[in-house]
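**Q** Build me a structure from this.
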Amino acid sequence: MDTRQDQSDNNTASTTPQVSTDKLSILVVSGRSGSGKTSVLNILEDLGYYSIDNLPLSLLPNAAHKLIGESGINRIALGVDIRTPRADLSNFAATHELLRKTYGAQAVQVLYVTAQESTLIARFNSTRRVHPLMSQDVDSDNARHIAFNLPAALKKEVELLEPISAHADITIDTSSLNIHQLKDSLREHVGVDNQIVINLLSFGFKYGSPIDADFVFDVRILPNPHWNPKLRASTGLDIEVDAFFSDYPEVTEMLNDIDKFLTRWLPEFLHNNRHTVTVAIGCTGGKHRSVFITDHLQRRLTDTMPQGVKVLAKHREKSRW
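**A** Prediction:
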């Protein structure tokens with residue numbers, strides 16, 4: 001029995017800062033509260049960055065070493081905001097220089113997110129969130145507590161974040177940007193193309209339809225190898241089942257039709273700010289017909305999809321075979 005094995009990538013840990021041919025990129029992401037820093041980090045994560053939010057500035061060098069030097073991660077986004085200790089903020093220049101000396105000036109960028117004050121006030125009012133400086137703040141020079149209203153908190157925040165904003169390589173004003181425009185702007189600034197993962201999923205209808213599928217194709221009308229005693233123990237990945245289906249032109253026609261549909265429409269998701277699309281192929285038990293179609297679709301689509309589309313295959317009922 002000739003069974004094709006699932007392929008998987010194995011990541012190997014390294015003890016040196018740069019471990020692959022991928023371009024090293026360290027983004028220190030900061031900005032004014034309400035300007036969209038968290039959204040930026042989420043988008044960067046979708047674009048392949050390992051993102052950490054609300055990291056104390058003093059921990060940036062250690063975090064970079066852990067992720068790059070020990071884990072082999074070459075794209076990291078480290079979020080820092082007004083909640084970091086004030087001593088760290090005042091020492092940002094030294095932290096920034098240390099990162100540049102360790103990993104190279106070209107690898108380290110500071111991304112600062114801001115928005116007009118009127119926009120920030122409107123956002124805080126609509127979400128009813130409290131600015132981090134509005135409850136109480138400590139004036140370290142006078143060792144006393146100061147309560148800020150929203151406009152005063154926004155003004156004070158600009159002052160406190162000045163050591164970071166002064167080193168910004170990229171500044172994005174989100175005042176008039178929606179989430180899709182923000183993503184496009186980030187892609188342009190960091191030089192990362194949009195990516196989408198196509199998940200091809202075989203399944204058996206007798207065990208329930210997948211509720212998270214974007215497309216579902218029912219292939220139960222195809223001839224069923226299950227009724228051949230010699231093939232009952234085989235799966236759609238086996239060569240003898242492949243030979244069985246070769247005698248039925250309708251199997252090839254079904255495969256061609258699904259392939260044509262997906263080849264036409266899946267690339268459109270690249271321009272629709274989608275990151276994953278799940279295509280489910282179902283037969284009765286999820287062992288022969290759906291597995292065969294899914295396996296052949298993956299090989300075809302891998303060859304025909306444009307750059308930026310990754311095609312994966314998974315067989316939901318594999319544990320039942």
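
**Q** for the protein, which spans come out with low pLDDT?
**A** In the predicted model, the chain carries pLDDT under 70 at residues 1-22, 135-147, 192-195, 270-274.

**Q** okay, which residue is most central for it?
**A** residue 46 (2.3 Å; C-alpha atoms, centre = their mean).

**Q** Against residue 171, how distant is that residue?
**A** Going from residue 46 to residue 171 by C-beta to C-beta, to the nearest Å gives 21 Å. Yep, even glycine has a C-beta here, placed from its N, CA and C like the rest.

**Q** just checking, residue 268 is part of a helix?
**A** Yes: judged by DSSP: H, G, I helix; E, B strand; the rest coil, residue 268 forms part of a helix.

**Q** Look up how far residue 297 lies from it.
**A** Taking C-beta to C-beta, one finds residue 268 at 17 Å from residue 297.

**Q** Then residue 244?
**A** Distance, residue 244 to residue 297, by C-beta to C-beta: 18 Å.

**Q** Please apply the same query to residue 107.
**A** 39 Å.

**Q** Counting neighbours, go ahead and name the busier of the two.
**A** Each of residue 107 and residue 297 has its neighbours counted (other C-beta atoms under 10 Å); residue 297 has more, 23 against 19.

**Q** List the contacts of that one.
**A** 200, 255, 258, 259, 262, 279, 281, 313 (C-beta atoms under 8 Å, 6 or more residues apart in numbering).

**Q** tell me which element it is part of?
**A** Assigned by DSSP states H and E, residue 297 falls within helix 289-304.

**Q** right, and the helix or strand after that helix?
**A** Following helix 289-304 toward the C-terminus (DSSP H and E): strand 309-315.

**Q** Name the residues that touch that next one?
**A** By C-beta under 8 Å, 6+ apart, strand 309-315 touches 6, 195-202, 266-267, 270, 286, 291, 294-295, 297-298, 301-302, 305.

**Q** May I see the PyMOL selection of the buried members of these?
**A** In PyMOL, a selection of the buried entries from those looks like this (16 or more other C-beta atoms under 10 Å):
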select buried, resi 195+196+198+199+200+201+202+266+270+286+291+294+295+297+298+301+305
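
**Q** Of all the residues in the one helix or strand residue 257 maps to, which ones are buried?
**A** Take DSSP H and E as the rule and residue 257 turns out to sit in helix 249-265. For helix 249-265, a neighbour-count test (16+ other C-beta under 10 Å) marks 251, 254, 255, 258, 259, 262 as buried.

**Q** for stretch 299-312, same thing?
**A** For stretch 299-312, burial by neighbour count (16+ other C-beta under 10 Å) applies to 300, 301, 305, 309, 311.

**Q** How about stretch 60-75?
**A** Along stretch 60-75, these residues count as buried under the neighbour rule (16+ other C-beta under 10 Å): 60, 63, 64, 67, 68, 69, 72, 73, 74, 75.
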